[in-house]
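In: Fold the stuff below for me.
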Amino acid sequence: MQEVFQSINGIFSFIGPLSDFLWDFPTNFAWYANIPVLGNFSFAIILLLGSGLYFSFRLGFVQVRGFKKGLGIMTEKRTIEYLKEFRPELYAGLSYGYKRIDYNQKDYTTVLDFEVYVMEQLTRLFKIGLGFDLIYDRTNVLRNIKNGETWTTAQIMNPGAHVVGELVMGKTSFMFVVGKHFGKYMHTEKNYQSYTVCYESANMVIFVLKESFSLMNGLNSYSTLQYAGLLREANSTHSPTAISTEDDLISFEYGYFNKDENITYTYFTTAHKGYDAFWTVQFACKTENFESLKPDMIKYAKSITLGE
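Out: You can find the predicted model right below:
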């Protein structure tokens, strides 16, 4: 199954970069980006806003003048004869898309959504119904990096149930969906219970752990370097590197081989001392990507500040 999704990704791999270019153009050129105020807006945004303003003035703000009339048409009920009949309509669709968590992320992951709705006409312009969908989102497997879980394709599937409203305007309609998904990944917080907070993107996971001075007698008298020594000792089975004090950081690295995924991950671990606790911040990624991502990890680690 994964091979199929990878093939689809390859076919549509140009969509993401092309979309980014069109939405950013021409702000991605320095000569335009340096223009005061205007340089903050892409051509697409200017076109959308400009078109809206042009047609609003050109048509005399028909959306305001005709609002009351339009509201009446929308809420006009069907005839008594029509109400006697129940004429449900069945909608089915399959959507394919790309997803990335970080704006600067280069790699995209597959998102597929199969949806089915049963609709009934309430007024001339409004339908209501119930539906369900099934989402396949590859970004959910990123949540397994730390604890080594391996999910099957079936486990990644995320089912949902919805209440649907549809505004019909001639051959154009707008659907409004409110519901809930019940997939396994909605509860992945349990995977990180031992951490204070976690952050993740498609190519990196950050684990943050706060250890209060009250956890051990005399811990508050430890230096950050001594605390880092304790961390390194706790990970001694993973062959950690020597503790480094370069880049104004106290850090070390170690590798972790995930047998289920057959992938090796590298952890860049940093130690920080606050007023009431030590903080461990770990940056994890695939070993093959570590050297290219390490400068970002160092930048993120150096930006950490601990308040009082």
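In: Burial check on residue 283, number of neighbours?
Out: When neighbours are counted by other C-beta atoms under 10 Å, residue 283 registers 24. From N, CA and C alone the C-beta is placed, and that goes for glycine too.
In: okay but it is in contact with residue 301, surely?
Out: Yes - counting by C-beta atoms under 8 Å, residue 283 touches residue 301, with 7.2 Å between them.
In: Now the common contact residues for those two.
Out: Residues touching both residue 283 and residue 301 by C-beta atoms under 8 Å, 6 or more residues apart in numbering: 268, 270.
In: got any ranges where this structure has weak pLDDT?
Out: Along the chain, the parts satisfying pLDDT under 70 run over 1-16, 73-86, 100-109, 138-155, 183-194, 308.
In: Please parse it into its domains.
Out: Per automatic domain parsing, the structural domains of the chain span 1-65, 77-185, 194-302.
In: Would you mind putting the ones you listed into JSON lines with distance to residue 71 alongside?
Out: Shown next, in JSON lines, are the domains of the chain (distance: least, C-beta to C-beta, whole Å):
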{"stretch": "domain 1-65", "distance to residue 71": "12"}
{"stretch": "domain 77-185", "distance to residue 71": "10"}
{"stretch": "domain 194-302", "distance to residue 71": "44"}
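In: Deepest-packed of those, please.
Out: Greatest average neighbour count among these goes to domain 194-302 (a mean of 16), per mean count of other C-beta atoms under 10 Å.
In: Please state the offset of that one from the chain centre?
Out: 24 Å (C-alpha atoms, centre = their mean, to the nearest Å).
In: before we move on, what about stretch 23-35?
Out: Worked out by C-alpha atoms, centre = their mean, stretch 23-35 lies 26 Å from the chain centre.
In: ok, what's across the strand from the residue nearest to residue 240 when sequence neighbours are not counted?
Out: In space, and not counting its chain neighbours, residue 240 is closest to residue 254: 3.9 Å by C-beta to C-beta, 6 or more residues apart in numbering. Beta bridges link residue 254 to residue 267 when assigned by DSSP bridges.
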